[in-house]
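Student: Whatever this is, show me its structure:
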Amino acid sequence: MSKPKFRNVAHCIDSLPDDERVVTEYLRQLIVDLVPNCTEKLSYNVPFYSVNKTICFLWPGSVIWGQKRMYDGVRMGFTKGHLIQNDTQYFVQGDRKYVTMRDFKTIADIDVDVVKLYLFDAIEIDKQLSVKTPK
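Tutor: Predicted structure coming up:
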């Protein structure tokens with residue numbers, strides 16, 4: 001896929017190859033169902049989700065960053081992943097400072113219960129980080 005500039009999230013998803021579109025739509029619906037008050041917007045040309053701050057993103061492999069495609073499937077990432085309890089290492093931090101991620105090639109690859117736990121933790125962290133401390 002070339003590097004098009006998408007108008008909105010729907011345009012991004014509609015432009016994806018079928019295998020990535022199906023996984024992206026599934027994860028997107030999971031996020032919207034669990035975080036109904038989230039804001040969805042394009043950032044870096046892919047869907048990002050926030051309440052107070054950015055919580056997570058979906059990055060299809062065909063939407064390249066840089067010069068070449070780096071992975072297959074759809075990468076789901078948590079922007080404050082380093083703060084999420086991650087005993088199972090389902091989402092991996094690797095050498096990144098903050099973000100944890102996992103790539104999904106099919107819907108069958110997604111452990112919905114684990115993804116939900118990560119989303120709930122991310123929402124709670126977002127709430128805690130947005131609380132203003134008295135001066």
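
Student: Looking only at residue counts, what's the top strand in this structure?
Tutor: Secondary structure of the chain read by DSSP state E shows that its longest strand is strand 54-60.

Student: Residues in contact with the very next helix or strand once past that one: which ones?
Tutor: Under the assignment DSSP states H and E, the closest C-terminal helix or strand after strand 54-60 is strand 74-78. With CB atoms under 8 Å, 6 or more residues apart in numbering as the test, strand 74-78 has contacts from 20, 23-24, 27, 55-61, 84, 91, 99-105, 115, 118, 122. The way it works is simple: take the backbone N, C-alpha and C, and place the C-beta from them, glycine included.

Student: Just list what the longest strand of the chain packs against, helices and strands only.
Tutor: helix 18-34, strand 46-50, strand 74-78, helix 112-130 (3 or more CB pairs under 8 Å, 6 or more residues apart in numbering; DSSP states H and E).

Student: would JSON lines of those with mean neighbour count and distance to residue 10 be doable?
Tutor: As requested, these are arranged in JSON lines below (neighbours: other CB atoms under 10 Å; distance: least, CB to CB, whole Å):
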{"stretch": "helix 18-34", "mean neighbour count": "17", "distance to residue 10": "10"}
{"stretch": "strand 46-50", "mean neighbour count": "21", "distance to residue 10": "10"}
{"stretch": "strand 74-78", "mean neighbour count": "24", "distance to residue 10": "16"}
{"stretch": "helix 112-130", "mean neighbour count": "16", "distance to residue 10": "21"}
